[in-house]
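Trainee: requesting a structural model of the entry that follows:
(one chain, ligands or ions: 2)
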Amino acid sequence: MIASGPGLFDDLPPSADRVDIGAQACLLRGFAGGRDTAFRRAIDAVAGQADFRNMQTPGGGRMSAAMTSCGGYGWVTDRRGYRYAAADPESGAPWPAMPRLFAMLAAKAASHAGFDAFEPDACLVNRYAVGARMGLHQDKDEADYDHPIVSVSLGLPAVFLWGGLRRADKPERLLLEHGDVLVWGGADRLRYHGIAPVKAGFHPFAGEQRINLTLRRSQ
Ligand code: SIN
Ligand code: FE2
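Mentor: Residues are numbered from 1 along each chain as shown. Ligands and ions are numbered 1, 2, ... in the order given. Purely as a prediction, here's the structure:
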């Protein structure tokens with residue numbers, strides 16, 4: 001169990017700006033807002049131990065988003081494929097510990113979306129420079145699809161492509177802004193999703209970048 005710390009996220013109204021985007025998926029607008037200093041410190045601490053890198057895809061290209069991870073497991077890709085690894089392949093060291101802020105926020109957001117007792121063991125941190133994108137994909141490297149995905153957007157806005165259960169389903173376009181949190185699970189757990197190329201801009205949190213935290217139960 002992740003203990004509920006005094007004050008942390010207890011101040012949120014029970015249904016803070018919740019937009020349903022599926023039977024078991026919702027956008028919690030601004031859910032992660034107002035904690036910029038804590039997020040900045042936590043992200044810098046993670047990147048200080050395991051720096052962002054543009055990983056290789058199985059096909060031989062490079063991810064346009066730079067990535068790192070924290071928690072017991074990190075998501076990695078290379079010529080051998082996509083998987084979760086308990087150690088950072090760059091250093092051989094365990095991934096940095098998951099900041100309590102991330103785990104607490106994820107559990108709270110999941111619970112708002114109807115998924116109780118979510119305990120992430122992996123947090124992928126994606127950093128998008130202007131022009132970086134993520135193609136339509138399903139999150140399916142996790143052992144058990146009963147757990148939801150919680151995704152936190154920080155810095156520059158981006159258009160989230162929210163597809164269906166088939167790759168060919170035409171995606172909806174949802175604007176994600178600083179502090180927005182998406183949760184999807186259950187019937188929506190394997191929906192295709194992606195990020196359209198990030199447009200030029202400046203945001204006080206991350207300058208000319210977008211940062212995304214994707215929290216998952218990988219094992
Ligand atoms: C992902 O699907 O892994 C990232 C989505 C995002 O950056 O919002
Ligand atoms: Fe994903």
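
Trainee: report the closest residue of this structure relative to ligand 1.
Mentor: When distances are taken as Cβ to the nearest ligand atom, the chain approaches ligand 1 most closely through residue 212, which lies 3.3 Å from it. Where C-beta positions appear, they are placed from N, C-alpha and C, glycine not excepted.

Trainee: now that residue: closest residue in space that isn't a chain neighbour?
Mentor: Closest residue to residue 212 apart from its sequence neighbours, by Cβ to Cβ, 6 or more residues apart in numbering: residue 126 at 4.2 Å.

Trainee: wasn't the one you found part of a strand?
Mentor: Yes. Assessed by DSSP: H, G, I helix; E, B strand; the rest coil, residue 126 belongs to a strand.

Trainee: bridged to it, which residues?
Mentor: For residue 126, the residues forming beta bridges with it (DSSP bridges) are residue 67, residue 212.

Trainee: next up, the contacts around it.
Mentor: Residues counted as contacts of residue 126 (Cβ atoms under 8 Å, 6 or more residues apart in numbering) are 65, 66, 67, 134, 211, 212, 213, 214.

Trainee: same deal with residue 201?
Mentor: Taking Cβ under 8 Å, 6+ apart as the contact definition, residue 201 lies against 130, 156, 157, 208.

Trainee: what kind of secondary structure is it in?
Mentor: Looking at residue 201 with three-state DSSP, the answer is coil.

Trainee: what does this structure have sitting close to ligand 1?
Mentor: For the chain, the contact set with ligand 1 under Cβ under 6 Å from any ligand atom comprises 126, 134, 151, 153, 160, 193, 195, 212, 214.

Trainee: give me the phi and psi for the nearest residue to residue 81 once chain neighbours are set aside.
Mentor: Using Cβ to Cβ, 6+ apart and skipping the chain neighbours, the partner closest in space to residue 81 is residue 58 (5.1 Å). Reported as degrees, to the nearest 10, the phi and psi values for residue 58 are phi -60, psi -30.

Trainee: what helices and strands are in contact with the strand or helix carrying residue 194?
Mentor: With elements taken from DSSP states H and E, the one containing residue 194 is strand 193-195. For strand 193-195, the helices and strands in contact under the criterion 3 or more Cβ pairs under 8 Å, 6 or more residues apart in numbering; DSSP states H and E are strand 134-137, strand 158-162.
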